[in-house]
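In: whatever this is, show me its structure:
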Amino acid sequence: MTAVKTVDLPDNLTIANAESLHHDLEPLTNGTEDVILNGADVQRADTAGLQLIYVFIQTLQKSSASVSWSGASTALLDASEQLGLKSHLALDSF
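Out: Below you'll find the predicted structure:
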C-alpha cells in the first residue's frame, strides 16, 4: 500500500512563497507517496504559485504516485480559472 502525504498550501500561493513551497514539495517528487493537496486556506494565488503546483502534479503523474485535492478556496479556484489551469490542476470537481 502506498503512503499518503497531505500538503497544506500556504495562504499566499504566490511568487513570494514559491521557493519555500518548492523546498517542501521537492522531497515528494520521488513518487513513493501519493499526495493530497489542501488548498482550502489559499487567500491569494498568482501565476508562479500555480505553475509550481502544475509542475509538481505533472512530475508525480510521470511516476506511480497520484495527486488529489482535499479542498480548494474560492481564491484558488478563481485564479486557476483565470489562468486557464483549472482542469490542468484537476480542480474541475470543485
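In: scan this structure for its longest helix.
Out: The longest helix of the chain (DSSP state H) is helix 47-61.
In: list the buried residues in the next helix or strand after it.
Out: Helices and strands here follow DSSP states H and E; after helix 47-61, the next one along the chain is strand 67-72. For strand 67-72, a neighbour-count test (16 or more other Cβ atoms under 10 Å) marks Val67, Trp69, Ala72 as buried. In short, each C-beta sits where N, CA and C put it, glycine included.
In: stretch 77-86 now?
Out: By 16+ other Cβ under 10 Å, the buried positions in stretch 77-86 come out as Leu77, Ala79, Ser80, Leu83, Leu85, Lys86.
In: just the closest of the residues you listed to Ile15, please.
Out: Ala79 (12.7 Å; Cβ to Cβ).
In: so how far is the longest helix of the chain from its chain's centroid?
Out: Put simply, helix 47-61 sits 6 Å off its chain's centre (Cα atoms, centre = their mean, to the nearest Å).
In: can you give me the strands for this protein?
Out: Ranges of strands within the chain are 3-8, 12-13, 33-39, 44-45, 67-72, based on DSSP state E.
In: how about TSV for the ones you listed, with mean pLDDT added?
Out: As requested, those are arranged in TSV below (pLDDT from 0 to 100):
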stretch	mean pLDDT
strand 3-8	95
strand 12-13	98
strand 33-39	96
strand 44-45	98
strand 67-72	97
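In: closest to Phe94 out of those strands?
Out: For Phe94, the closest of these is strand 67-72, at 4.5 Å, according to Cβ to Cβ.
In: tell me which other helices or strands the closest one touches.
Out: On a contact count with 3 or more Cβ pairs under 8 Å, 6 or more residues apart in numbering; DSSP states H and E, strand 67-72 meets strand 33-39, helix 47-61.
In: got the CA coordinates for the first one in CSV?
Out: What that stands for is strand 33-39. Output of strand 33-39 as CSV, limited to C-alpha atoms (Å, rounded to 0.1, in the frame of the first residue of the first chain):
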residue,chain,number,x,y,z
GLU,A,33,3.9,8.7,-1.7
ASP,A,34,0.5,9.7,-3.0
VAL,A,35,-0.1,13.4,-2.3
ILE,A,36,-3.3,15.2,-1.2
LEU,A,37,-3.1,18.9,-1.7
ASN,A,38,-5.2,21.1,0.7
GLY,A,39,-5.9,24.5,-0.9
